[in-house]
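Student: Have a look at this prediction, sequence included:
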Amino acid sequence: RDRVVAATFDGHAATRDGVAVDLVANVADPAEARAAAAAGARGVGLFRTEFCFLGRGEEPGIDEQVAAYRAVLSQFPGQRVVVRTLDAGADKPLRFLTPDHEDNPALGVRGLRTAVAHPDVLDRQLDAIARAAAAETAEVWVMAPMVATVDEARDFAAACEAHGLHQPGVMIETPAAALQARHVLAEVAFASLGTNDLTQYTMAADRDLAGVAALSTPWQPAVLELVRVACEGGAVHGAPVGVCGEAAADPLLAPVLVGLGVASLSMTPRALAEVADTLARVTRDECTELARLVLDRPTAEAARDAVRTRLLP
Ligand code: PEP
Ligand code: MG
């Protein structure tokens, strides 16, 4: 790279012509929340709540969960924090929840499916999130991982409502949810694309397996096409669609995602400054043009090269 990148992030990002883009942080525990706030993040687009549950023989009590969630929310007074409900199973097995004998755990009872199998666990977690939200000033949105059907989205929204959590959302991590986005987003207020899993399930390539790493990139045209369809589905309802997978942290991909209709990008805090810097160099129309460019390319490599040529002359 021969360009100078801003070392700091002041919490705001916009295209060169002044269209604001919501750049927020992914956090997985209170220490990361503190680091994200220190890095200038003014909100959280993905709070992974598994830290409270991982490595445990049994479910943490509601009071313990409330304290854990408050420790994160308190870092973002008056700002939005998107709390993801428990994403157990597959790469995040939990002793007291995850079934023992699944041949294909990534295709098994994971994410929201765990909550369908154990509705009481989701109920207690939503209770804890609602209590933590009531005790802090952060604006809490709640979303479910690994949603594949409209029925799941509807049931999750009802469960949230029952706890007074009025901004239910879903992660779009399956091709099914992306293709059905216009129906899914009739049931919930927002969606966030989990591009790590969306890539895994689109390309049928294990996200943690080095041998298939060449397939596992969000630059794959099939993945980007699903991002486009998901954003289109959100637009039908005026519902924001964000990205919270690793794709959001790729400075070359960020303007493409904006061009595809993504409203917010949530990422590891250390990527915020560079992504903001790249967005400030392009106009909204140029983002749209970049999106058109990648959708037209037949391979991931060609898509990346096309954007690199435009942005890094
Ligand atoms: C994703 O799948 O892109 C995502 C953000 O969730 P996780 O990495 O926690 O599965
Ligand atoms: Mg995921």
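Tutor: Structure's in. What do you need? Just so you know, these numbers come straight off a predicted model, no measurement behind them. Ligands and ions are numbered 1, 2, ... in the order given.
Student: Now the stretch 1-150 of the chain against ligand 2: closest residue?
Tutor: The nearest approach of the stretch 1-150 of the chain to ligand 2 comes at Pro145, 5.7 Å away (Cβ to the ion). Glycine gets a C-beta too; all of them are placed from N, C-alpha and C.
Student: Isn't that residue up against Asn196?
Tutor: No - counting by Cβ atoms under 8 Å, Pro145 stays clear of Asn196, with 11.0 Å between them.
Student: Find the residues that touch each one of those two.
Tutor: Counting by Cβ atoms under 8 Å, 6 or more residues apart in numbering, the contacts common to Pro145 and Asn196 are Glu173.
Student: okay, these two: which has more neighbours?
Tutor: Remark: of Pro145 and Asn196, Pro145 carries more neighbours, 27 against 18, as counted by other Cβ atoms under 10 Å.
Student: Now the phi/psi pair for that one, please.
Tutor: phi -90, psi 160 (degrees, to the nearest 10).
Student: Which strand residues bridge the residue lying closest to Val44 once chain neighbours are set aside?
Tutor: Nearest residue to Val44, sequence neighbours excluded (Cβ to Cβ, 6 or more residues apart in numbering): Val81, at 4.3 Å. Beta-bridge partners recorded for Val81 (DSSP bridges): Val44, Val140.
Student: which residues touch Val81?
Tutor: Applying Cβ under 8 Å, 6+ apart, the residues contacting Val81 are 43-44, 47, 72-73, 138-141.
Student: Go again with 6 Å.
Tutor: 44, 47, 73, 138, 140 (Cβ atoms under 6 Å, 6 or more residues apart in numbering).
Student: repeat for Ala249
Tutor: Taking Cβ under 6 Å, 6+ apart, one finds 267-268, 271 in contact with Ala249.
Student: Next: Thr199.
Tutor: Thr199 touches 216, 218, 223, counting by Cβ under 6 Å, 6+ apart.
Student: Take those and lay them out in CSV including secondary structure, pLDDT and distance to ligand 1.
Tutor: CSV is the format used below for the contacts of Thr199 (DSSP: H, G, I helix; E, B strand; the rest coil; pLDDT from 0 to 100; distance: Cβ to the nearest ligand atom, whole Å):
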residue, secondary structure, pLDDT, distance to ligand 1
Ser216, coil, 96, 11
Pro218, coil, 98, 9
Val223, helix, 98, 11
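Student: How about residues contacting stretch 256-271?
Tutor: 21-26, 35-36, 39, 41, 45-46, 227-228, 231, 240, 242-244, 248-249, 254, 287-288, 290-291, 294.
Student: which ones are touching the closest residue to Leu226 other than its chain neighbours?
Tutor: Distances taken as Cβ to Cβ, 6+ apart place Ala178 nearest to Leu226, at 4.0 Å, with adjacent residues excluded. Contact analysis of Ala178 by Cβ under 6 Å, 6+ apart lists 172, 226, 229-230.
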